[in-house]
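Peer 1: Structure for the following, please:
(6 chains)
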Protein chains: 4
Amino acid sequence: MGFAIRTYSQNEKLVSLRREQIACRAAKIFVKKGYERLNLRQIASACRMSVGTLYHYIGTKEDILYLVFDYVMSEEVEFIEAISPAYDALPPIEALRKAMDTYYRKVDDLQDFVIFMYQETKNLRPNARERIFQLEKRLGHVFYRILDRGRASGEFKISDPLLVAHNIVLLGDMWAFRRWLLRKNYVLEEYITAQANFVLEGICEGKSLDRER
Amino acid sequence: MGFAIRTYSQNEKLVSLRREQIACRAAKIFVKKGYERLNLRQIASACRMSVGTLYHYIGTKEDILYLVFDYVMSEEVEFIEAISPAYDALPPIEALRKAMDTYYRKVDDLQDFVIFMYQETKNLRPNARERIFQLEKRLGHVFYRILDRGRASGEFKISDPLLVAHNIVLLGDMWAFRRWLLRKNYVLEEYITAQANFVLEGICEGKSLDRER
Amino acid sequence: MGFAIRTYSQNEKLVSLRREQIACRAAKIFVKKGYERLNLRQIASACRMSVGTLYHYIGTKEDILYLVFDYVMSEEVEFIEAISPAYDALPPIEALRKAMDTYYRKVDDLQDFVIFMYQETKNLRPNARERIFQLEKRLGHVFYRILDRGRASGEFKISDPLLVAHNIVLLGDMWAFRRWLLRKNYVLEEYITAQANFVLEGICEGKSLDRER
Amino acid sequence: MGFAIRTYSQNEKLVSLRREQIACRAAKIFVKKGYERLNLRQIASACRMSVGTLYHYIGTKEDILYLVFDYVMSEEVEFIEAISPAYDALPPIEALRKAMDTYYRKVDDLQDFVIFMYQETKNLRPNARERIFQLEKRLGHVFYRILDRGRASGEFKISDPLLVAHNIVLLGDMWAFRRWLLRKNYVLEEYITAQANFVLEGICEGKSLDRER
DNA sequence: CATGAATGAGGTTTCATTCAT
DNA sequence: TATGAATGAAACCTCATTCAT
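Peer 2: Got it, this is the predicted structure:
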């Protein structure tokens, strides 16, 4: 892990349980009011614990931020990775559309959290930040695999699949933190199709793609 | 503007002068340490004023954040817009490459500030936030104009130029807040070329683009 | 005793046993880190008990302080008193030298504890403090007996043997709490001889004392 | 000084003034209730300042302890040193009696503080402690000068004047922290005479001293 | 106009003690 | 009997804001 969070308990099971409670419940108020704006009393009450109990399982307020990050990012990544094998059975174009659809819907679902991630990353200690970066890498990898397969089969022509993979993730995240602008012109489904087209037009060999919409 | 910042001074000229001093100098430490992490004493000292003087020209700590946002965004937008007319003389493909090169270099230049923008937006009051959004819109518009011209001339085929314009801005910003990842594989110039290719491949009619690099 | 410590146990044997464990083990960390600086978790762990168990045999954190005081003072006094009768067989001068040697070496041995005594006395409840005072009195009495015998035999000329007895004890304690200063000029043996000479020169009739060293 | 206390003020005069206020007023409640037992609110209120103001002139609670130590010790030492030259005009025996009388009366005066000193020394940071040690050294030196002069003139016969000087100081301090015992047998004046006799009997050549009382 | 000393509410963190298991 | 999780009051310290000079 790179670093350990202080706890006064020896019972590992309990520590895990409580930390998951903390992460899960704190996440809800963190995305609403922001990390710095919430004090320990508010956080503890949202976690349905006393302040003292909270401090049995964490060492610092910042540890809670890390727990929340890790919890939600892990959920997200695991959710995406879980369906990843299913894409192998589909032709690359379709697989990419499906993967983008899945991820972009997830972003829509967790939009408060995505914004939260972009805004609070700097408050993390470097080694906690490193762990989050690893999770983001895994997220990009799901798209990378599809792109690579398409390239191998000759359907895609991409000079830099890693970059494209990250672009895809980022354009999904944009749905969350540019919503004030995008919501005026798109509903989610339109946005997904539009960005999928944008990406596919750039990478499909011979313009063979069947333009959706 | 949407809202006014409290001041104890009647001398408008002086108010403007002091506020520009504040914005310009506070910007430097805000991007380094973050808004919430800095206290008024530190900010005042960075502004080379006393705390009391600072409060003659602002009403609230948050006002400083707004001043900084407005100042840097304006600088950035004015910089981009200033050269925008020059692109009209170039063929659209070249114009887009040039505009991206200009903006992406600016992002590299102001990378701390770009991150700062993404991270501190939440701390702004809604009407201050609205003003920032307008500036971002104008930024997107610079690219929109080029895309639109290319579409009119038949060189580009784009179903949604506004979206593409925003994608271009965002992929530039990514250079700042994904630097930990991108810096491993790219130097700035490579990144600009790669993203320009990515965008142009998606929008150029007949694949006529002369692939750089 | 003057006051009783709360316990939840009826088994008196067990209570005594546990309390001795507590006193003996807590003493070791108390002298190192100080009473106020240690919390119950640290104390319990040093006592090789859980916090809960600790509270079966004490009522208050302060009770532990008292147990430690009492335990170490008793040890010290018993040690000194145990050899006290042996001095009766020696000529007073020699007896005094021997007694001082014994006590001063003990102080050197327990120097952390002696300092601890001087520093933490204030944290005791008055009746606990009274018990400690009694023990100190008994310590002074060991020297008093020798002085009194010397006076009776005409070898010593002392107007106030009780005062001298206390002076002797105090000058021994000084080895502990002025160590930063004394250690520069003396090793323990030199210090003992020097102070013994200082005392004996003051009380010996006719300067008959055989100056050592 | 070896270390500096944090302050937010640049005005050195004011800093000195406020710190003296703090030292002087905090001393009064420190000796009554003990350093660890008092919280910042109580201390601030005793200093007739708000907690915030207090923290303009100190960095840590411990700094207050140091200020108090330094203030009272300095007062004490300066008081003693101020009269020190006057002793040069007196014969050594008389000078020593007078100096002891002065110091022991001061101890009686500041007895709460002397106890406080012995009890709280451990709570000081090492470099603060070092400064206190220096002051104690200067205190011993006042007596050392007299002893040395007596030795030079042949009136005293002392193998180790530095040790005797420290013994004198310590036996004075004993009046404060053994008061529970000494008060039963002595009033201050008797105690001073008794200890002066004890010391002089040990060091006077030819028992020439005119025993008082 | 400019200053920076003063304020006290509110922040995070610790800890003696209890009590269900 | 032994445990250690849970509690919440209270500790130390910070800081945006005011206002007398």
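Peer 1: Do any residues in the least confident helix or strand in chain A by mean pLDDT lie close to chain B?
Peer 2: Lowest on mean pLDDT, DSSP states H and E among the helices and strands of chain A sits helix A:179-182, with a mean of 84. Yes: counting by CB under 8 Å from any CB of the partner chain, chain B has neighbours in helix A:179-182: A:Trp180, A:Leu181, A:Leu182. Bear in mind the C-beta positions are built from the backbone N, C-alpha and C, glycine included.
Peer 1: residues making contact with stretch A:76-89?
Peer 2: A:95, A:98-99, A:102-103, A:106, A:110, A:135, A:138-139, A:142, A:145-146, A:149 (CB atoms under 8 Å, 6 or more residues apart in numbering or on different chains).
Peer 1: ok now it, how far from the chain's centre?
Peer 2: Between the centre of stretch A:76-89 and the centre of its chain there are 13 Å (CA atoms, centre = their mean, to the nearest Å).
Peer 1: Would you mind writing the CA trace of that stretch as CSV?
Peer 2: Below are the C-alpha coordinates for stretch A:76-89, written out as CSV (Å, rounded to 0.1, in the frame of the first residue of the first chain):
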residue,chain,number,x,y,z
GLU,A,76,-15.7,2.4,-10.1
VAL,A,77,-12.7,0.6,-11.5
GLU,A,78,-13.9,-2.8,-10.3
PHE,A,79,-17.2,-2.2,-11.9
ILE,A,80,-15.6,-1.3,-15.2
GLU,A,81,-13.1,-4.1,-15.0
ALA,A,82,-15.7,-6.7,-14.2
ILE,A,83,-17.4,-6.2,-17.6
SER,A,84,-14.2,-5.8,-19.4
PRO,A,85,-13.8,-9.5,-20.4
ALA,A,86,-17.3,-9.4,-22.0
TYR,A,87,-16.0,-6.9,-24.6
ASP,A,88,-13.5,-9.5,-25.9
ALA,A,89,-16.4,-11.3,-27.6
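Peer 1: quick one: buried residues of it?
Peer 2: Going by neighbour count (16 or more other CB atoms under 10 Å in any protein chain shown), the buried part of stretch A:76-89 is A:Glu76, A:Val77, A:Ile80, A:Ser84, A:Tyr87.
Peer 1: likewise stretch A:192-209?
Peer 2: A:192-204, A:209.
Peer 1: how far out from the middle of the chain is it?
Peer 2: Relative to the chain's own centre, stretch A:192-209 is displaced by 23 Å; criterion: CA atoms, centre = their mean.
Peer 1: Now do that stretch, average pLDDT.
Peer 2: With pLDDT averaged residue by residue, stretch A:192-209 scores 81.
Peer 1: measure the nearest residue to A:Thr121 once chain neighbours are set aside to chain D for me?
Peer 2: Distances taken as CB to CB, 6 or more residues apart in numbering or on different chains put A:Arg129 closest to A:Thr121, at 6.4 Å, once the chain neighbours are dropped. Distance, A:Arg129 to chain D, by CB to the nearest CB, to the nearest Å: 30 Å.
Peer 1: does whatever helix or strand A:Ser74 lives in come close to DNA strand E?
Peer 2: For A:Ser74, the element it lies in under DSSP states H and E is helix A:61-87. Yes: residues of helix A:61-87 contacting DNA strand E under CB under 7 Å from any atom of the strand: A:Lys61.
Peer 1: ok, then the element right after that helix?
Peer 2: The helix or strand immediately downstream of helix A:61-87 is helix A:92-109, counting by DSSP H and E.
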